[in-house]
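In: Just a sequence and a predicted model for now, questions to come.
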Amino acid sequence: MTGAPLDPADPEPEQPHKFAADRFKNAGLSLSGLWAYYYGIGGTADEFDLDGYLNGLTTLDQTQMALVDTALEELHDEGRGGPASGRRGST
Amino acid sequence: MTDTQPSQHIGSPPNGLRQYYEGVDLTDFVVHLQDLLVENADIREFLQDLADMTAMKLTTEGNTIACGVTVIRQKQPVAVADSDAFARTLDKVQNSFGDGPCLTALRTSLVVHVPDVVNERRWPRYMQAAAATRVGSILALPMRLGGTGDAVVNLYSTRPNGFFQENIAVAERLTATGSKALHLALKIAQLQDARQHLTAALESRATINTAVGIIMAQNRCSQDTAFQVLVKASNHRNVKLRAVAAAVIAGVSGDQEFRTAFED
C-alpha cells in the first residue's frame, strides 16, 4: 500500500483530487461501489460530496482524502471490477 | 450515418416466407426470458439462451441464421454468447479487428445491414476475412439497455440477401424484447452487487469505529487523529485498514474472533 499522503512531512501533492480521480477512472469502479467501500472504512462524506471531490468541485479534509485513497488502494488490491459485470462475490 | 441505411439493398423474401415471418409468435420467447429472470440465471446463461432462441426463430428452410451476442466489458468488445461455432468465429474475427458491422452498430446504436458480404465496400479488412467463411449476409442490431451496459445482437446468414423486410422486422422485435429482459437482469445484478457492498460496509464500519474509539481513549486524541493513526499503520504494514482495526480491538478485548479476522 502506497498512496495516502498523511505525514505532514510528505510533500503535499498539488491537486490530491486529481490523483484520486485518475485512479478512480482507471479502476473502472462505479461511484456507488467506491462510496460504499469508503463508507465501510469510516468515511463520513456522502456520495454527492465524493463525486464532487473526484471531479474537483469540492474539497475534503485531510482524513477523508486519506480514506478515499485507502479505499481506492484496497479495492485495487482486491481486483474488484467495474459495474454491471455480472453477479459475483464481492469480498 | 448514411452507411447504416439498408433500405435500398433489401431484397424480396423467397416465396412463402412472407407469411411465415408474419406469423412468428414471440410468446414462448418472452415466457422463457422471464423464467430465466425468475430463476436468477446468470447473465451469460441468459445471453446464451437469447442467442439460441433468436437463431431458431429466424432460421427457415434454405436460410440458416446464426446469432452471436457481443458486449462491451471494460471498454473492450467481448463475444459472450453464440448459437453455434459459425457465429462465434465471425464475432471473434470482428472483435480482433476492432471494426466491422456489429461494432459499428454498437457504437452508433443503429441497425447495420450487409446484404452481400462479397460486394460490401465498408470494413474492407473484416469483409475479406468474412468472405473466406460461409457467411453471405449480416445484420447487426444494437440492444437498448438504458445505460446499464452495451450489447449487440449479431445475425449471420449463409446466403447473400438472407435478410429482408419481413425477417428484419422479426429480428428487431426479438432484439427489443430481449433488450428489455436483459436491462432488467442487469439492474437486478447491479442492485444485488450494491446490497452486498453495503452489507460489507456496515460490518466493516462498526469494526473501524470501535478501533477509532479505543485509540482516542488510549492516546487522548481527536477522532481525526485516531483515523490518521489507523491509516498510517495500514500503509506502513501493507495491511487493510479493517484488519488493523480488528487487531486494535483484539489487543484490548483479547477477542479470538477479531484475531482470526486479522490473521486472514
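Out: Looks like it came in fine.
In: Low-confidence ranges, the stretch 51-200 of chain B, go.
Out: By pLDDT under 70, the low-scoring segments of the stretch 51-200 of chain B are B:74.
In: Kindly tell me how buried residue 51 is, as a neighbour count.
Out: Defaulting to chain A. 16 (other Cβ atoms under 10 Å in any protein chain shown). (Glycine included, C-beta is placed from N, CA and C.)
In: actually it's chain B I care about, not the one you picked
Out: The number of residues packed near B:Ala51 is 25, by other Cβ under 10 Å.
In: residue boundaries of the strands in chain B?
Out: B:65-73, B:76-82, B:112-114, B:137-143, B:151-157 (DSSP state E).
In: Now A:Leu31: closest residue in space that isn't a chain neighbour?
Out: Nearest residue to A:Leu31, sequence neighbours excluded (Cβ to Cβ, 6 or more residues apart in numbering or on different chains): A:Asp51, at 5.8 Å.
In: sorry, back to before: among the strands of chain B, which is nearest B:Gly98?
Out: strand B:76-82 (7.6 Å; Cβ to Cβ).
In: Name the strands paired with that closest one and say parallel or antiparallel.
Out: strand B:65-73 (antiparallel) (DSSP bridges).
In: tilt between the strand it pairs with and strand B:137-143?
Out: 40 degrees (axes from the mean of the first three to the mean of the last three Cα atoms, to 10 degrees).
In: what sits up against strand B:65-73?
Out: A:85, B:47, B:50-52, B:54-55, B:58-59, B:77-84, B:86-88, B:90-91, B:94-95, B:102-103, B:106, B:149-157, B:162, B:167 (Cβ atoms under 8 Å, 6 or more residues apart in numbering or on different chains).
In: same thing but at 6 Å, please
Out: Strand B:65-73 is contacted from outside by B:47, B:51, B:54-55, B:58-59, B:77-84, B:86-87, B:91, B:102, B:150-157, using Cβ atoms under 6 Å, 6 or more residues apart in numbering or on different chains.
In: Mind exporting the C-alpha coordinates of that strand to CSV?
Out: Extracted in CSV, the C-alpha atoms of strand B:65-73 (Å, rounded to 0.1, in the frame of the first residue of the first chain):
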residue,chain,number,x,y,z
ILE,B,65,-29.3,-17.9,-39.5
ALA,B,66,-26.6,-17.9,-36.7
CYS,B,67,-26.7,-15.5,-33.8
GLY,B,68,-23.9,-14.1,-31.6
VAL,B,69,-24.0,-11.5,-28.8
THR,B,70,-21.1,-9.1,-28.2
VAL,B,71,-21.0,-6.9,-25.1
ILE,B,72,-18.6,-4.2,-24.0
ARG,B,73,-16.6,-5.2,-21.0
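In: now that strand and strand B:151-157, what's the angle there?
Out: Using the same axes, to 10 degrees, strand B:65-73 lies at 160 degrees relative to strand B:151-157.
In: Give me the neighbour count for B:Val212.
Out: Going by other Cβ under 10 Å, the residues that sit close to B:Val212 add up to 21.
In: now the one 5 residues further on
Out: Other residues lying near B:Ala217 total 11 when counted by other Cβ under 10 Å.
In: Same question for B:Leu37.
Out: 14.
In: what pLDDT does the residue in chain B positioned nearest to chain A get?
Out: Using Cβ to the nearest Cβ, the single residue of chain B nearest to chain A is B:Ala201, 3.1 Å away. The score at B:Ala201 is 94. That number is its pLDDT.
In: Equivalent analysis for A:Leu29, please.
Out: pLDDT at A:Leu29 comes out at 83.
In: Now the phi/psi pair for it, please.
Out: phi -90, psi 160 (degrees, to the nearest 10).
In: how about the residues of the stretch 1-150 of chain B that lie near chain A?
Out: Within the stretch 1-150 of chain B, the positions lying close to chain A (Cβ under 6 Å from any Cβ of the partner chain) are B:42-43, B:74, B:148-149.
In: Just the buried residues of those residues.
Out: Neighbour-count burial (16 or more other Cβ atoms under 10 Å in any protein chain shown) applied to the residues of the stretch 1-150 of chain B next to chain A gives B:43, B:148-149.
In: Among those, which ones are in helices?
Out: B:Ile43 (DSSP state H).
In: TSV please, covering the buried ones among the residues of the stretch 1-150 of chain B next to chain A and showing distance to A:Ala66.
Out: Below are those laid out as TSV (distance: Cβ to Cβ, whole Å):
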residue	distance to A:Ala66
B:Ile43	36
B:Thr148	33
B:Gly149	33
